[in-house]
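A.B. asks: fold the following and give me the result.
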Amino acid sequence: MRRKLEGVTLNETKKQAKQKLTKVKIEILATVLKHRLLTADQIQKRCLPLKDGQSPKGRQEYTRKLLRDLFNNKLLLRRKLIQPDLGNNPYVYAPTWSAAQAVADAYGTTTELVGYDPHDKVITWTNENLFHLLRENDCHYIFEQSAALSGIELREWHSDRTLARDKASRRVKYTGPHGGSYEKTLIPDGLYVFGHSVEVDGRTGTVLTRLFLEVDMGTQTITQRNKTLKHPQRTWEHKVRSYMAYFQPSGLCEQHYQTTNARVLVLTTSELRLKRMMEATERVGGTDRFWFATFEQFTPESALTQPIYWVAGSREKEYALIELFA
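C.D. replies: This is a model prediction of the structure:
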């Protein structure tokens, strides 16, 4: 009789635990699964945005309480993100299998389809790699917000993790800046496709803008200054050459997407570094397919429709990704 009662108590406890997963907690878990890794501030922006009359501090405390609950219930992993220059080391959060199962149950689908990868060890990455992924996620949020503000549709988004699932098909052969043949697995930091309506001669159609995103945190070597560099394929010059080969007619881009109508968007840390990257791009033959801006300029208000971009071959910051005509 005692075992039976204990069994009943255990089942009731499990049911109560499931009931505690409110709609907002499920949304938090689904969002972390989608992006792999987020800070509390990033989670708040996406799942608990500040509304008129609400206290920013109160909203932050509420978000952190929810995250503590999810961590204590083994639905989220967390670790400190070390920021020596800032003196503030926030937690970053990644999903567990239990989180994926809870979201899959709530949505009536599978753990794989909600973004769970049992081999993903993102929580163990170096701080440098974590900062890069968090920046990618910031860019995605800004693109989402910019599309909503501009009345533009974000039709597709593929993360670098999604693009890397078929590495064999992304091997591109190219000639390096100092000659010689190379082969590189070309995986952008994201692929975005936007759509907006246009009217020409009384007929309405949709224009698609396809972007390959490159997030530069200021650590990549830009120029291969000598032929004996140990890993020349990791330099920016080599990446530009590999993109140029990728976009060749009947090349890999056309095989993947049935078009070569696409741009490479580079976001970087400062205007000085931007100019150096753009000069290196032009030096190896990169054309107006390569667009550049700084993270500071890249905001929800400006990302899609404001002239914040430099383009390889130009000398003025005067281009918008998408021009909307009244």
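
A.B. asks: so Val193 sits in a helix?
C.D. replies: No: counting by DSSP: H, G, I helix; E, B strand; the rest coil, Val193 is not found in a helix; it is strand.

A.B. asks: tell me where this protein has strands.
C.D. replies: Using DSSP state E, the strands of the chain run over residues 38-39, 76-80, 91-95, 153-159, 171-175, 181-185, 190-200, 203-215, 263-268, 290-294, 310-311.

A.B. asks: where does this protein have low pLDDT?
C.D. replies: Counting by pLDDT under 70, the ranges of the chain that qualify are 1-19, 86-87, 226-231, 325-326.

A.B. asks: report the central residue of it.
C.D. replies: Glu136 (3.5 Å; Cα atoms, centre = their mean).

A.B. asks: is that one in contact with Gly190, as I believe?
C.D. replies: Yes: assessed by Cβ atoms under 8 Å, Glu136 is found in contact with Gly190 at 6.2 Å. All C-beta atoms are positioned from the backbone trio N, CA, C, and that covers glycine.

A.B. asks: all helices of the stretch 1-150 of the chain, in order?
C.D. replies: Under the criterion DSSP state H, counting those that start in this stretch, the stretch 1-150 of the chain contains helices at 2-19, 23-35, 40-47, 56-72, 97-107, 127-150.

A.B. asks: can you redo those helices as CSV with distance to Asp117?
C.D. replies: Shown next, in CSV, are the helices of the stretch 1-150 of the chain (distance: least, Cβ to Cβ, whole Å):
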stretch, distance to Asp117
helix 2-19, 24
helix 23-35, 9
helix 40-47, 19
helix 56-72, 19
helix 97-107, 9
helix 127-150, 14
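
A.B. asks: and Arg210, what are its bridge partners?
C.D. replies: Under the criterion DSSP bridges, Arg210 forms beta bridges with Val193.

A.B. asks: I'd say it and Thr260 touch.
C.D. replies: No: using Cβ under 8 Å, Arg210 is not in contact with Thr260, being 9.6 Å away.

A.B. asks: any idea how far stretch 55-73 is from the middle of the chain?
C.D. replies: Offset of stretch 55-73 from its chain centre (Cα atoms, centre = their mean, to the nearest Å): 24 Å.

A.B. asks: what comes up buried for that stretch?
C.D. replies: Thr63, Leu66, Leu67, Asp69, Leu70, Asn73 (16 or more other Cβ atoms under 10 Å).

A.B. asks: closest one of those to Gly195?
C.D. replies: Comparing the buried residues of stretch 55-73 against Gly195 with Cβ to Cβ places Thr63 closest, at 32.7 Å.

A.B. asks: give me the nearest residue to that closest one, chain neighbours excluded.
C.D. replies: Gln44 (4.3 Å; Cβ to Cβ, 6 or more residues apart in numbering).

A.B. asks: span of stretch 242-253 from start to end?
C.D. replies: Taking Cα to Cα, to the nearest Å, the first and last residues of stretch 242-253 lie 11 Å apart.

A.B. asks: could you give me the buried positions within that stretch?
C.D. replies: Here stretch 242-253 shows Ser242, Tyr243, Met244, Ala245, Tyr246, Phe247, Leu252, Cys253 as buried, counting by 16+ other Cβ under 10 Å.

A.B. asks: and the gap between the fifth one and Leu213?
C.D. replies: Distance, Tyr246 to Leu213, using Cβ to Cβ, to the nearest Å: 14 Å.

A.B. asks: next, report how far stretch 47-59 is displaced from the centre of its chain.
C.D. replies: The answer for stretch 47-59 is 25 Å, by Cα atoms, centre = their mean.

A.B. asks: straight-line length of it, end to end?
C.D. replies: 11 Å.

A.B. asks: contacts for that stretch, please.
C.D. replies: By Cβ atoms under 8 Å, 6 or more residues apart in numbering, the residues outside stretch 47-59 that reach it are Val24, Glu27, Ile28, Thr31, Gln44, Tyr62, Thr63, Leu66.

A.B. asks: can you redo these as TSV with distance to Arg203?
C.D. replies: Below are these laid out as TSV (distance: Cβ to Cβ, whole Å):
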residue	distance to Arg203
Val24	44
Glu27	40
Ile28	44
Thr31	39
Gln44	44
Tyr62	50
Thr63	47
Leu66	49
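
A.B. asks: for Gly205, state which of these is nearest.
C.D. replies: Thr31 (33.7 Å).

A.B. asks: what sits against the residue nearest to that closest one when sequence neighbours are not counted?
C.D. replies: Among residues not flanking Thr31 along the chain, Arg46 sits closest, at 5.2 Å (Cβ to Cβ, 6+ apart). By Cβ under 8 Å, 6+ apart, Arg46 lies in contact with Thr31, Leu38, Tyr141.
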